[in-house]
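model this:
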Amino acid sequence: MTKMLLVLAQAQPAAPSGPSSTFMLIAYGSLMAAMYFFMIAPQRKKAKEHEKMLTTLTSGDEIVTTGGLYGTITSVKDDRFVVRIGDNVKVEVGKGFVSTVVKKSGA
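Residues are numbered from 1 along each chain as shown. Here you go, the predicted model:
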C-alpha cells in the first residue's frame, strides 16, 4: 500500500510555478502609478491652468474659442462671456468654450 502511494506521488506532475502574487501586486501597482504620472497628473495640471486663465479674463481681452472664432470680450457674466466677433455682431460664449487668450487688454 505504501509502495502504491509512492508510485502515485511520483506519477503526478508538479504544480506549475508561476509568478508570485506579491510580484503581480507590485507590477499592477507600478503600472497604475506610471499611468497616473504620465496621463492623469498632466491633464489635471492643464485643467487647473485653463480654469485660472478663465478667471483672469476681463472686458477687452481678445480670445479664441474652441470653434475657432476670434473676438473681444465686451462683458463678463456668471457662466459666459459676451464676445464681439465683428462690427455690430456680439455672441454669448460659455466660459468652457474659450480656448486661448490672444491678447490681454492691458498688454
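
Which of the three states applies to the residue nearest in space to the middle of the chain?
In the chain, the centroid-proximal residue (CA atoms, centre = their mean) is residue 43; its distance is 3.3 Å. Under DSSP: H, G, I helix; E, B strand; the rest coil, the three-state class of residue 43 is helix.

pLDDT weak spots in this structure?
Residue ranges of the chain with pLDDT under 70: 1-18, 107.

hey, where'd the helices end up in this structure?
Assigned by DSSP state H, the helices in the chain fall at 2-11, 21-35, 41-56.

is it true that residue 53 touches residue 104?
No: if you go by CB atoms under 8 Å, residue 53 and residue 104 don't touch, sitting 10.4 Å apart. C-betas here are computed from N, CA, C, even on glycine.

how far away is residue 81 from residue 58?
When distance is defined by CB to CB, to the nearest Å, residue 81 is 10 Å away from residue 58.

So for residue 53 and residue 104, which residue has more residues nearby?
residue 53 (15 against 12; other CB atoms under 10 Å).

Provide a list of residues in contact with the nearest residue to the more buried one once chain neighbours are set aside.
Spatial nearest neighbour of residue 53, chain neighbours left out: residue 101 (6.4 Å); criterion: CB to CB, 6 or more residues apart in numbering. Contact partners of residue 101, counting by CB atoms under 8 Å, 6 or more residues apart in numbering, are 53, 57, 61-64.

Can you pick out the most distant pair from these?
Within the contacts of residue 101, 53 and 62 form the most distant pair, 13.2 Å apart (CB to CB).

just to revisit the earlier point, mind listing the shared neighbours of residue 81 and residue 58?
Overlap of the contact sets of residue 81 and residue 58 (by CB under 8 Å, 6+ apart) consists of residue 73.
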